[in-house]
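S.K.: how does the following fold in three dimensions:
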Amino acid sequence: MTTNLQASVSPAIIAAALPHALLRVDLPRLGQRLEGKVRDIYVLDGRRVLVTTDRVSAFDRVLGAVPFKGQVLNQLSAWWFEQTRETVRNHVIAVPDPNVTVASEAQPLPVEVIVRGYITGVTSTALWTLYEQGVERPYGLELPRGLRKNDPLPEPVITPTTKATGGAHDERLTSAEVVERGLVPAGLWAEVQRAALAIFRRGQEVARAAGLILVDTKYEFGLIDGAPALIDEVHTPDSSRYWIAESYDAVRGTGVEPENFDKEFLRLWYARQGYRGEGQPPALPAEVAIQMAARYIAIYERLTGETFVPGEQPAAARIARALAAYGG
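M.R.: Model (predicted):
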């Protein structure tokens, strides 16, 4: 089943932006530059300047550019930070440009907090894979018998993983191991879990009202002045998996993957070309980049109820002007 996705920005406007899709921002005057797959990060005077570019990745590799992706992710995250400000502190100081967030420096916690509302996935560490293989208490969780692939879980669950350093990405952890291994102190870990579940439930409510299902998501927490804070993207199509609700209803119980409304669309396109993350990936055709951009824009508009207004091009010059006006 293919759902007709509507976005306010026409395919012609998206296509016109393709030659200007932002691949790299070079602003050396901002000081130290940290390498990132899909955004450029600068450290300056106790602040971080996060430039979310139009680079898009799949299979942990940078594969191409999708017009307006950076603007969608940056503005959607800013919107979510406002929605969840009562639940947990975040790192945002200012958003001076559609692609830019000025953030407080934070000490990242060494775990990624994955919250899942459905049992799904195909990788070796996916909750569904472990459950189907008969692993007892995957990620230390007590799960009911008789679940089918893509079923909702009785309650959202947390499956923490180590961060992507030293080849330990997606190492399976239980909440007990997070504390026992000294990764996060018990009291702080309990606080992080409470905040993560509260934010996820809020995300589910907003998604449901927009005709979407928030399937699972990744949160990154850190410490600012010793207090926990949310420090990365929130509920964007890069950090979360969304299904279109009517597609899910049509295939529920069959094991067929519902229509994705996130960057999984891109991964699945590469998989259909026979690419699995090894060697040279095929080039991303313009028509696929346009379809992907339309999805990113439509999800922004569905979730926020606001019309997406593309920023001017070229982005690098615009960002430099915005940061100069901000005082960065």
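S.K.: look up phi and psi at L214.
M.R.: When read as degrees, to the nearest 10, the backbone of L214 gives phi -80, psi 110.
S.K.: what residues are up against the residue lying closest to it once chain neighbours are set aside?
M.R.: Using Cβ to Cβ, 6 or more residues apart in numbering and skipping the chain neighbours, the partner closest in space to L214 is A207 (4.1 Å). In this view, the C-beta of every residue, glycine as well, is placed from N, C-alpha and C. Contacts for A207 (Cβ atoms under 8 Å, 6 or more residues apart in numbering) come out as I213, L214, Y242, L303.
S.K.: now intersect those with the helices, please.
M.R.: Judged by DSSP state H, these include L303 as members of helices.
S.K.: neighbour-wise, give me the winner out of the contacts of A207.
M.R.: The most neighbours of any of the contacts of A207, using other Cβ atoms under 10 Å, belong to Y242, which has 27 neighbours.
S.K.: next, the contact list for that one, please.
M.R.: Y242 neighbours (Cβ under 8 Å, 6+ apart): A207, L212, I213, L214, V215, N260, F261, D262, I299.
S.K.: before we move on, back to that, Three-state assignment for the residue nearest to L214, please.
M.R.: Following DSSP: H, G, I helix; E, B strand; the rest coil, A207 is assigned to helix.
S.K.: that older thread, what's the closest of the contacts of A207 to A289?
M.R.: Set against A289, the nearest of those by Cβ to Cβ is Y242 (19.3 Å).
S.K.: so that closest one versus R48, what's the distance?
M.R.: 27 Å (Cβ to Cβ, to the nearest Å).
S.K.: pLDDT check: weakest of the contacts of Y242?
M.R.: The lowest pLDDT within the contacts of Y242 belongs to F261, which sits at 83.
S.K.: from the chain's centre, how far out does stretch 277-297 sit?
M.R.: Averaging C-alpha positions (Cα atoms, centre = their mean, to the nearest Å) puts stretch 277-297 17 Å from its chain's average.
S.K.: quick one: end-to-end distance for that stretch.
M.R.: 26 Å (Cα to Cα, to the nearest Å).
S.K.: what residues of that stretch count as buried?
M.R.: Buried residues in stretch 277-297, counted by 16 or more other Cβ atoms under 10 Å: P281, L284, V288, A289, I290, Q291, M292, A293, A294, R295, Y296, I297.
S.K.: among those, which lie within strands?
M.R.: Among the buried residues of stretch 277-297, no member is found in strands (DSSP state E).
S.K.: now pLDDT too, for those residues, in a markdown table please.
M.R.: A markdown table is the format used below for the buried residues of stretch 277-297 (pLDDT from 0 to 100):
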| residue | pLDDT |
| --- | --- |
| P281 | 86 |
| L284 | 90 |
| V288 | 94 |
| A289 | 94 |
| I290 | 95 |
| Q291 | 93 |
| M292 | 93 |
| A293 | 95 |
| A294 | 94 |
| R295 | 93 |
| Y296 | 95 |
| I297 | 96 |
